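S.K.: Pasted the sequence and its predicted model underneath.
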Amino acid sequence: VTLAQQGPVTLWARDGAAVETMRATRQIPRLPGVTLPETVRVTADLAETDTAGVVLLALPMQALGAFLADHPRPNPALVACCKGIDLATGRGPSALIAETCPNAQPAVLTGPSFAADIARGLPTALTLACADAGTGAALQLALSTPTLRLYRSTDVTGAELGGALKNVIAIAAGVTMGAGLGDSARAALMTRGFAEMNRLAAAMGARPETLAGLSGLGDLVLTCTSAQSRNYRYGHALGAGETFDPRTTVEGAATAGAAAAIAAARGLEMPVTEMVAALVARRIGVEDAMAALLARPLKEE
Ligand SMILES: NC(=O)C1=CN([C@@H]2O[C@H](COP(=O)(O)OP(=O)(O)OC[C@H]3O[C@@H](n4cnc5c(N)ncnc54)[C@H](O)[C@@H]3O)[C@@H](O)[C@H]2O)C=CC1
Ligand SMILES: O=C(CO)COP(=O)(O)O
């Protein structure tokens, strides 16, 4: 919606009926109240995107690998908008793109932003990360709008891991608030969670300043403090003992398990992440999880 202010955009969706409805009503079921500009062409025919210079891949992380394997994309630049670690392979989106679409430059677009805010034209800043500096600069220019401000980075690993791991901590923050443990406990979990994010990211070659930027700390703050976040709301329901619609995309749930497995393989301590993985898998309850975190040996900060 925001890019369509600057020129024609093709929006592909796999569901033909949903495409017909969007064409007829110019409304988007997942973004109530937002009207699709006339410059957005909606199609169920993926081939119509084949000649695009830039494709934004906006589907859930756990669907990305199979989607690209089934539909290798011929475009020169593929920008992943998803946040997470693939549970099956332990890889991030750019590695899945590189494997399935070797002729494309993989990039990631990530940072603190709710789709509804961007579509309403509210001011938003994001990180555009691409290992190839020239392509990254071109994408930064092509995808920025008067209200959507992109900062560029060549640290794809850092940008991906920040976006992936903050969702796990957001679940923990939601659990804390849902269980009535208080704002102080949430701040503690956010901070110790950020330390875990940095630990894993550093071990995987990310730059600390990337984690401290929009894609890491920025998105951590947003997702841990806003009820607009699905990861936060899922955690909140878990903490409050309430049900949660299983059709909702909650990226942190799978990523918690994937990150915990990587941490274990590398001998890294990630207690909050491990606890979220155990909570999501129902291996532990909220009370026991919090007690276990508090009972950890006292240590230097
Ligand atoms: N919604 C938001 O505010 C933001 C979302 N993201 C990230 O974007 C990614 C997608 O999130 P949302 O769009 O919100 O999720 P969503 O669940 O609302 O929408 C995903 C869309 O992908 C479609 N889809 C799922 N599997 C597919 C497949 N195999 N082939 C084709 N289409 C498929 C679904 O039908 C749905 O229309 C996630 O990784 C999320 O973390 C990032 C920033 C903000
Ligand atoms: O990543 C997001 C905001 O930057 C969206 O968060 P949720 O997936 O938790 O809704």
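M.R.: Everything's here; your move. Numbers count the residues shown, from 1 in each chain. Ligands and ions are numbered 1, 2, ... in the order given.
S.K.: drop to CA atoms for contacts and neighbour counts, all remaining ones
M.R.: Fine.
S.K.: where does this protein come near ligand 1, residue by residue?
M.R.: 14, 58-61, 63, 67, 81-83, 113-115, 249, 251 (C-alpha under 6 Å from any ligand atom).
S.K.: how about the helices in the stretch 1-150 of the chain?
M.R.: Assigned by DSSP state H, counting those that start in this stretch, the stretch 1-150 of the chain shows helices spanning 16-25, 61-70, 93-100, 115-119, 133-143.
S.K.: Of the ones you listed, which stretch is the most buried?
M.R.: Across these, the average number of neighbours (mean count of other C-alpha atoms under 10 Å) peaks for helix 93-100, which reaches a mean of 20.
S.K.: out of the helices of the stretch 1-150 of the chain, nearest to ligand 2?
M.R.: When those are compared for distance to ligand 2 using C-alpha to the nearest ligand atom, the nearest one is helix 115-119, at 7.6 Å.
S.K.: any idea which residue sits dead centre in this protein?
M.R.: For the chain, residue 83 is the residue whose C-alpha lies nearest the centre (C-alpha atoms, centre = their mean; 2.4 Å).
S.K.: tell me the contacts of that one?
M.R.: By C-alpha atoms under 8 Å, 6 or more residues apart in numbering, the contact set of residue 83 is 60, 61, 93, 110, 160, 163, 164, 251.
S.K.: Excluding sequence neighbours, find me the nearest residue to the third one.
M.R.: If I follow you right, that is residue 93. residue 80 (6.3 Å; C-alpha to C-alpha, 6 or more residues apart in numbering).
S.K.: The protein against ligand 2: which residues are in contact?
M.R.: With the criterion set to C-alpha under 6 Å from any ligand atom, the chain comes near ligand 2 through 111, 112, 113, 114, 219, 223, 229, 230, 231, 232, 250.
S.K.: Got a PyMOL select line for the buried ones in the residues you listed?
M.R.: Burial among the residues of the chain next to ligand 2 is assessed by 16 or more other C-alpha atoms under 10 Å; the matching PyMOL selection reads:
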select buried, resi 111+112+113+219+223+229+230+231+232+250
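S.K.: Now the residue nearest to the centre of the chain. Its backbone dihedrals?
M.R.: Torsion angles at residue 83 (phi, psi; degrees, to the nearest 10) stand at phi -120, psi 120.
S.K.: That one and residue 158: what is the separation?
M.R.: From residue 83 over to residue 158 the distance is 12 Å, taken as C-alpha to C-alpha, to the nearest Å.
S.K.: try residue 197
M.R.: 10 Å.
S.K.: Next: residue 212.
M.R.: 10 Å.
S.K.: if we can go back for a sec, and the contacts of residue 83 as CSV, adding distance to residue 145 and pLDDT?
M.R.: Putting those into CSV (distance: C-alpha to C-alpha, whole Å; pLDDT from 0 to 100) gives the following:
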residue, distance to residue 145, pLDDT
60, 24, 98
61, 25, 98
93, 24, 98
110, 15, 98
160, 22, 98
163, 22, 98
164, 25, 98
251, 27, 98
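S.K.: JSON lines for those residues, including distance to residue 272?
M.R.: Shown next, in JSON lines, are the contacts of residue 83 (distance: C-alpha to C-alpha, whole Å):
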{"residue": "60", "distance to residue 272": "23"}
{"residue": "61", "distance to residue 272": "21"}
{"residue": "93", "distance to residue 272": "23"}
{"residue": "110", "distance to residue 272": "23"}
{"residue": "160", "distance to residue 272": "19"}
{"residue": "163", "distance to residue 272": "16"}
{"residue": "164", "distance to residue 272": "14"}
{"residue": "251", "distance to residue 272": "16"}
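S.K.: List the contacts of residue 99.
M.R.: Counting by C-alpha under 8 Å, 6+ apart, residue 99 has no contacts.
S.K.: next one: residue 133
M.R.: Residue 133 makes contact with 153, 154 under the criterion C-alpha under 8 Å, 6+ apart.
S.K.: about what we covered before: export the residues of the chain next to ligand 2 to CSV and tack on pLDDT?
M.R.: Below are those laid out as CSV (pLDDT from 0 to 100):
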residue, pLDDT
111, 98
112, 98
113, 98
114, 98
219, 98
223, 98
229, 98
230, 98
231, 98
232, 98
250, 98
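S.K.: Kindly indicate which of the residues of the chain next to ligand 2 lies nearest residue 145.
M.R.: residue 113 (14.1 Å; C-alpha to C-alpha).
S.K.: Am I right that the closest one is in contact with residue 121?
M.R.: No. Residue 113 lies out of contact with residue 121 (C-alpha atoms under 8 Å); the separation is 11.4 Å.
S.K.: And the protein, what are its domain boundaries?
M.R.: What automatic domain parsing lists as the domains of the chain is 3-156, 165-294.
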